[in-house]
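Trainee: coords below, sequence missing:
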């Protein structure tokens, strides 16, 4: 079974977090949600989310995919977390896929994972960072093992792109059919 880590921080974008978790679960992945700290988190629009665990408890595990939901101030918190940086750097070092949507590529920039990459993100989310990458502004961008999405408006398409990358076209079509797409 494919394993997916979805880190959650206070202020994350709930639409993205739920779409990612739901659609990857429908595809058959074991999705693990992990808070930056133990206990429930409050998403950007006030929804209370209860992570399965904390990042500290799973810091030595490996995942087939790590996906960062965006939102503010959640993306800033993700960008400041050293455990997450280490997990993401290990993911990239072993050429396993990692993904971020909306403002969450900020965490990838701080972890040093965007240099010479092509990506997309929420408009203006990376303006404060001095790094060399190409931001296409597309809805979804795939550059090797890096998958990025523009924002909450493309959350379902982003999650489906993750299914396609992790499971292939046939499984993606099956999930789409189950969603009525």
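Mentor: Right, received. Where do you want to start? What you are looking at is a predicted structure, and each value in this text was computed from that prediction instead of being measured.
Trainee: which residue ranges of the chain form helices?
Mentor: Assigned by DSSP state H, the chain shows helices spanning 14-26, 55-58, 74-79, 82-93, 105-110, 155-167, 169-179.
Trainee: now those helices as JSON lines including mean pLDDT?
Mentor: Formatted as JSON lines, those follow (pLDDT from 0 to 100):
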{"stretch": "helix 14-26", "mean pLDDT": "99"}
{"stretch": "helix 55-58", "mean pLDDT": "98"}
{"stretch": "helix 74-79", "mean pLDDT": "98"}
{"stretch": "helix 82-93", "mean pLDDT": "98"}
{"stretch": "helix 105-110", "mean pLDDT": "97"}
{"stretch": "helix 155-167", "mean pLDDT": "99"}
{"stretch": "helix 169-179", "mean pLDDT": "98"}
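Trainee: can I get those in CSV with mean neighbour count and distance to residue 140?
Mentor: For the C-beta atoms, the positions are set from N, CA and C on the backbone; glycine is no exception. As requested, the helices of the chain are exported to CSV (neighbours: other CB atoms under 10 Å; distance: least, CB to CB, whole Å):
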stretch, mean neighbour count, distance to residue 140
helix 14-26, 22, 13
helix 55-58, 17, 26
helix 74-79, 25, 18
helix 82-93, 18, 19
helix 105-110, 26, 13
helix 155-167, 22, 5
helix 169-179, 14, 13
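Trainee: residue 47: which of those is closest?
Mentor: When those are compared for distance to residue 47 using CB to CB, the nearest one is helix 14-26, at 4.4 Å.
Trainee: packing partners for that closest one?
Mentor: With contacts taken as 3 or more CB pairs under 8 Å, 6 or more residues apart in numbering; DSSP states H and E, helix 14-26 sits against strand 3-8, strand 30-35, strand 65-68, helix 155-167, helix 169-179.
Trainee: okay, angle between that helix and helix 155-167 too, please.
Mentor: Using axes from the mean of the first three to the mean of the last three CA atoms, to 10 degrees, the inter-axis angle of helix 14-26 relative to helix 155-167 is 30 degrees.
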